[in-house]
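[1] Have a look at this prediction, sequence included:
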Amino acid sequence: MWAGHKDDLLAAGLLAPSVKQAAADRGSGPYAVEEPGAEERRNREKMNLVAELADWKGDNDAARHMAHYLGNSGTDMDLPIDKMMSEVPEFRSHIDRTVTDHQDAWRDQALAEFRRNGGQPVSIPVETENRDFSFTPDVNENWFYAVGSTRSNVTGVVTVEPDANGKPVVDLDYQANAWDRYNWDEDKGVTIPVPGVDDMSIPDGQMARFHTTGIAREFDMAGSSSVKHYDLGVSAPHQGPLPQPDEPGRAGDRTDPGREQQEGR
């Protein structure tokens, strides 16, 4: 099935993660349970300005996520996982380690099934547990403000087929998945450096109060990378580097011609 109908199976969501996609914390609490005051409205306008300044500075994802929060719709947003992996090598290493930590067990499992199947081709779905990753402002300011921390895992299919000599060839097709909720803890403030002016600060708790007073709204974020192919080896495990993520391109930045049509920006 996998060899003959790979594209159809991917379109049907075969590699969608089955682990529970829940945020690591409860965020700000209930939405719109208080009336906003003058301070909340002033700080919201300040954060609209910060989002625009961040966009011009090049922190496009941070700006887009902030603008979506302030836009108050609460609708989901996609996370561009290939872009995140390309721009933050530490995040790519985090994903790569997730694969390499599991590849031997996946290979052994698939080979055992291949032998039980009399040497006929087999394909088995695989999935890792959730692993958290935190971005830091010194490594990548854009993704620190856009996401902060994210939960992630890897899903894939391991295939075993006999080669011309009947020896098993083991391959992995996999994707990285990440998800989180854009929210602000009740005790969390923010100070954002803006070139040419003093840092713009929002006191502790004010970002969360945008949500509880109904003038901004938390939202879920999730995405998956492109599907990559990796040779797990024939008679011995493969030790080569994992494939690189797709190039991020222009999507979402200020040079993207379709940017004005994107929700939230």
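    That came through fine. Residues are numbered from 1 along each chain as shown.

[2] can you map out the strands along the chain?
    For the chain, the strands identified by DSSP state E occupy 77-78, 122-127, 131-134, 149-162, 168-182, 190-192, 200-202, 219-224, 228-233, in order along the chain.

[3] Dump those strands into CSV; add distance to residue 89 and mean pLDDT as well.
    C-betas here are computed from N, CA, C, even on glycine. As requested, the strands of the chain are exported to CSV (distance: least, Cβ to Cβ, whole Å; pLDDT from 0 to 100):
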stretch, distance to residue 89, mean pLDDT
strand 77-78, 22, 96
strand 122-127, 24, 95
strand 131-134, 12, 95
strand 149-162, 15, 95
strand 168-182, 14, 95
strand 190-192, 24, 66
strand 200-202, 29, 64
strand 219-224, 18, 95
strand 228-233, 16, 91
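
[4] so can I have CSV of those strands showing mean neighbour count?
    Shown next, in CSV, are those (neighbours: other Cβ atoms under 10 Å):
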stretch, mean neighbour count
strand 77-78, 17
strand 122-127, 17
strand 131-134, 15
strand 149-162, 21
strand 168-182, 23
strand 190-192, 15
strand 200-202, 17
strand 219-224, 19
strand 228-233, 17
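
[5] want to throw those into JSON lines with distance to residue 87?
    Conversion of the strands of the chain to JSON lines gives the following (distance: least, Cβ to Cβ, whole Å):
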{"stretch": "strand 77-78", "distance to residue 87": "16"}
{"stretch": "strand 122-127", "distance to residue 87": "25"}
{"stretch": "strand 131-134", "distance to residue 87": "13"}
{"stretch": "strand 149-162", "distance to residue 87": "14"}
{"stretch": "strand 168-182", "distance to residue 87": "13"}
{"stretch": "strand 190-192", "distance to residue 87": "19"}
{"stretch": "strand 200-202", "distance to residue 87": "24"}
{"stretch": "strand 219-224", "distance to residue 87": "14"}
{"stretch": "strand 228-233", "distance to residue 87": "17"}
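
[6] other SSEs contacting the longest helix anywhere in the chain?
    Scanning the chain for the longest helix, with DSSP state H as the assignment, gives helix 89-116. Applying 3 or more Cβ pairs under 8 Å, 6 or more residues apart in numbering; DSSP states H and E, we find helix 89-116 packed against helix 81-87, strand 122-127, strand 131-134, strand 149-162, strand 168-182, strand 228-233.
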